[in-house]
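Novice: dropping a prediction and its sequence here:
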Amino acid sequence: MLHILALGVACSGGGGGSSGSSSGVSGTYAARVANFKATYGKSDEWADWMIANYSRYAATFAASSAKPATLNISFRYETNPINYNPPWASEAEHMNVFTTMAQGAYPGYNFNIVFGGDTNTSYANIIAGLAVNNSYASGKNVYLYYETIFNHEFGHVMKLPHHYDTVAQIGDGLHMPPGDTLCIMDRTSSTFGSACRTALGIPLNITDTTDMDNAMADIIGRYPY
Ligand SMILES: [Zn+2]
Ligand SMILES: [Zn+2]
């Protein structure tokens with residue numbers, strides 16, 4: 001799994017945790033923290049950290065609260081299709097496997113990933129097959145060299161910051177609540193830690209990555225580079 005995670009270089013999407021208000025935690029944010037604390041048995045220290053770090057997660061909390069029930073996502077290639085080997089039987093098959101990969105990191109979200117879908121009405125757009133290994137997110141557009149970095153980049157679409165402040169700190173486990181050590185946004189896991197999950201509104205107790213792992217292996221196994 002670390003091999004797959006390592007396939008993406010540090011992306012430029014997102015940044016430190018300076019966005020959002022540091023004064024006056026939203027009551028609805030506090031309510032979600034309290035709900036998650038009670039539902040998943042998190043500690044007082046965990047809840048205190050979540051409230052103290054409201055500025056890191058306010059934008060993601062707002063985005064997750066406002067997102068539509070179905071996330072329509074358009075997929076296209078930047079220029080030429082990727083020369084997958086073996087090739088997909090169809091782009092529909094490809095989109096099905098891609099969707100399984102995405103659902104694994106975002107349990108409870110409902111992705112509808114459409115090849116050549118309408119980019120105007122979409123919630124986000126995937127542009128795959130970049131010429132250089134420099135995946136990133138910009139607004140609702142997710143630019144991918146390796147498709148397997150999607151779950152990290154879509155985190156930026158949902159306004160998540162990295163756990164690291166500098167590239168040298170990738171994987172250091174910074175800015176994590178008590179009990180957490182790993183997260184997609186620190187590039188140390190294929191799933192989100194509890195802070196990002198809470199901001200995203202994702203259950204903390206759904207941790208089976210078997211389907212996602214298989215989907216990632218299927219995709220990366222077909223990559224020609
Ligand atoms: Zn990133
Ligand atoms: Zn995280």
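Specialist: Sure, I can see it. Ligands and ions are numbered 1, 2, ... in the order given.
Novice: mind checking the longest strand of the protein?
Specialist: strand 71-77 (DSSP state E).
Novice: and the helix or strand following it, what does it pack onto?
Specialist: Next in sequence after strand 71-77, counting helices and strands by DSSP states H and E, comes helix 91-105. With contacts taken as 3 or more CB pairs under 8 Å, 6 or more residues apart in numbering; DSSP states H and E, helix 91-105 sits against strand 71-77, strand 111-115, helix 150-157, helix 210-221. Every residue, glycine included, has its C-beta placed from N, CA and C.
Novice: minimum distance to ligand 2: which of these has it?
Specialist: Closest approach to ligand 2 among the helices and strands packed on helix 91-105 is made by helix 150-157 (7.9 Å; CB to the ion).
Novice: who touches the closest one?
Specialist: Residues outside helix 150-157 that contact it (CB atoms under 8 Å, 6 or more residues apart in numbering) are 8, 11, 13-14, 98, 101-102, 104-106, 124, 126, 135-137, 139-140, 142-144, 184-185, 187, 190, 192, 196, 200.
Novice: quick check: mean pLDDT of stretch 199-215?
Specialist: Stretch 199-215 carries an average pLDDT of 97.
Novice: ok, and does that stretch reach over to ligand 2?
Specialist: No. Shown here: stretch 199-215 not in contact with ligand 2 (CB under 5 Å from the ion), separated by at least 8.3 Å.
Novice: and the chain, which residues reach ligand 2?
Specialist: Counting by CB under 5 Å from the ion, the residues of the chain close to ligand 2 are 183, 185, 193, 196.
Novice: residues contacting the third one?
Specialist: I take that to be G193. Going by CB under 8 Å, 6+ apart, the list of residues near G193 reads 176-177, 180-183, 185-186.
Novice: so which of those residues comes closest to ligand 1?
Specialist: After measuring the contacts of G193 against ligand 1 - CB to the ion - the closest member comes out as M185, at 6.8 Å.
Novice: and for that closest one, the neighbour number?
Specialist: By the criterion of other CB atoms under 10 Å, M185 has 22 neighbours.
Novice: doesn't it belong to a strand?
Specialist: No. Assigned with DSSP: H, G, I helix; E, B strand; the rest coil, M185 falls outside any strand and is helix.
Novice: hmm, back to that, pull out the buried members of the contacts of helix 150-157.
Specialist: For those, a burial check counting by 16 or more other CB atoms under 10 Å picks out 8, 11, 13-14, 98, 101-102, 104-106, 124, 126, 135-137, 142-144, 184-185, 187, 190, 192, 196, 200.
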